[in-house]
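>>> got a predicted structure plus its sequence, pasted below:
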Amino acid sequence: MKIVIVGCGRVGAALAESYDAAGHQVVILDISTRAFGRLASTFRGSAVRGDGTDEDTLRRVGAEDADVFLSLTEGDNRNVMAAQVAAEGLGAKRVIAKINDPVRAAAYAELGLTTLCRTTLVADAVSAHLGLPVSGQSGIRASSGSRAGHGRELHQMYHGGSGETNGETGASAGDTTSREA
Amino acid sequence: MFILVVGGGKVGYYLAKELIENGHEVVIMEKDHSRADQITDELGSIVISADGCEGTSLGKAGCARADIVAAVTGDDEDNLVICQMAKHHFDVPRTIARVNNPKNEELFHHLGVDELASPTRMILGTIEQDIPVQELLHLATLGEGRLELIEAHLQADSPAVGRTPSQLAMPEGCALFGIIRDGVAVPLTPDMALRESDKVIAIGNKACERALHLLLIGATGTDGVAGA
């Protein structure tokens, strides 16, 4: 699989290393080259300095045909935007955005993104460990709808709207992220 | 009208000030507390010191009853999220985002932002107007990004010189509606002949830009259809 990861923090770096070790084609992006110091010297994937919300940059690293696109920077909004550019603009197949604000995470799940909420994940892990009640909400939420409903239209705009394959990935850009996750 | 301005930088501050002077009800959201205090000192208690990207803060600021939300922070991604939350979570009828990277414009439109303000594009347009070029200038984007307001500066070799608007085969979905002649705006009538150095103002969709170029500038521009 081709996996693009935006944000080389602890989680981004750990996933990049393990997917690379498992034989996947991994590209990891960060705005700071210093962040790549977190990657082990055995990492064979590409580490690219660039802004993950910039469409040109994402095209350059091949997000268009990525099987998995993970947006894991420290900024919720950056992750939201990078994920939307990848899913709706470029047609990346499975897209997950880390959104630590639970309200925003829920709102964007409703808008058609698969969201990962560290706040809910950690809180529930702590409660579960203590044997106390958990929130009952999933830390990873599959998209629960596509109120945005613009995935296809946007994808066609970017890709000229011609050809069967475009239509196919365009239609599924918002939807597959939900069902497969 | 009730307008929620998110971002209390220079743009947000002057925007709020003008809106208040025009009699509108305004609330500013600014997450930096000292900046929020500063604006409060100058404009009164219309500032909520909170992050406008947070759903709960938007709710407290009265987003649900806002007629317009203007997201004018310095970060495109924040402005996108503010507008999307306002639109989809609070059903705000009209959202406006400041966009710094002109390449984000189409994306933002298609992700549901109603109106965009792009300082970069505006400055770019101003610079282009100062350079004598034989191509179409983009003055503004209208109609949710689908229409362009275009200016064509007629040169001596333009096929339109000496002809009247009724003699020009205008592409469908495109209208000439005025000219600037010797610095004076003149409404265009069907039997008025165009002259060299007239600036013709047109509105049209993006698809008819090439046809307009051929009609007003001609096929033999200095470098072809650089503007198309």
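All right, it came through fine.

>>> need the nearest residue in space to A:Ile31, chain neighbours excluded.
Excluding its sequence neighbours, the residue lying closest to A:Ile31 (Cβ to Cβ, 6 or more residues apart in numbering or on different chains) is A:Asp51, at 5.7 Å. C-beta here means a position set from N, CA and C on the backbone, and glycine is covered the same way.

>>> the helix or strand hosting B:Ile123 close to chain A?
Assigned by DSSP states H and E, B:Ile123 falls within helix B:119-130. No - interface with chain A: helix B:119-130 contributes nothing (Cβ under 8 Å from any Cβ of the partner chain), its closest point being 13.7 Å away.

>>> quick one on the thing from earlier: which helix or strand contains the residue nearest to A:Ile31?
For A:Asp51, there is no host helix or strand (DSSP H and E).

>>> quick check on it: phi, psi?
Torsion angles at A:Asp51 (phi, psi; degrees, to the nearest 10) stand at phi -90, psi 120.

>>> how much space between it and A:Arg60?
Applying Cβ to Cβ, to the nearest Å, the value for A:Asp51 to A:Arg60 is 11 Å.

>>> between the two, which has more neighbouring residues?
A:Asp51 (18 against 13; other Cβ atoms under 10 Å in any protein chain shown).

>>> from what I can see that one touches A:Thr73, true?
No - using Cβ atoms under 8 Å, A:Asp51 makes no contact with A:Thr73, being 9.9 Å away.

>>> all helices of chain A, in order?
A:10-21, A:55-60, A:76-84, A:102-110, A:118-130, A:151-159, A:164-173, A:176-180 (DSSP state H).

>>> so what's the residue nearest to B:Arg94 when sequence neighbours are not counted bridging to?
The shortest distance from B:Arg94 to any residue other than its chain neighbours is 4.6 Å, reached at B:Ile68 (Cβ to Cβ, 6+ apart). In this entry, B:Ile68 is beta-bridged to B:Ile3, B:Arg94, by DSSP bridges.

>>> so what's B:Ile68 up against?
With contact set as Cβ atoms under 8 Å, 6 or more residues apart in numbering or on different chains, B:Ile68 has these partners: B:Met1, B:Phe2, B:Ile3, B:Leu4, B:Val92, B:Pro93, B:Arg94, B:Thr95, B:Ile96.

>>> narrow the residues you listed to just the buried residues.
B:Ile3, B:Leu4, B:Val92, B:Arg94, B:Thr95, B:Ile96 (16 or more other Cβ atoms under 10 Å in any protein chain shown).

>>> okay, the fifth one and chain A: tell me how far apart.
So the one you mean is B:Thr95. B:Thr95 sits at a distance of 14 Å from chain A (criterion: Cβ to the nearest Cβ, to the nearest Å).

>>> all good on my end, thank you.
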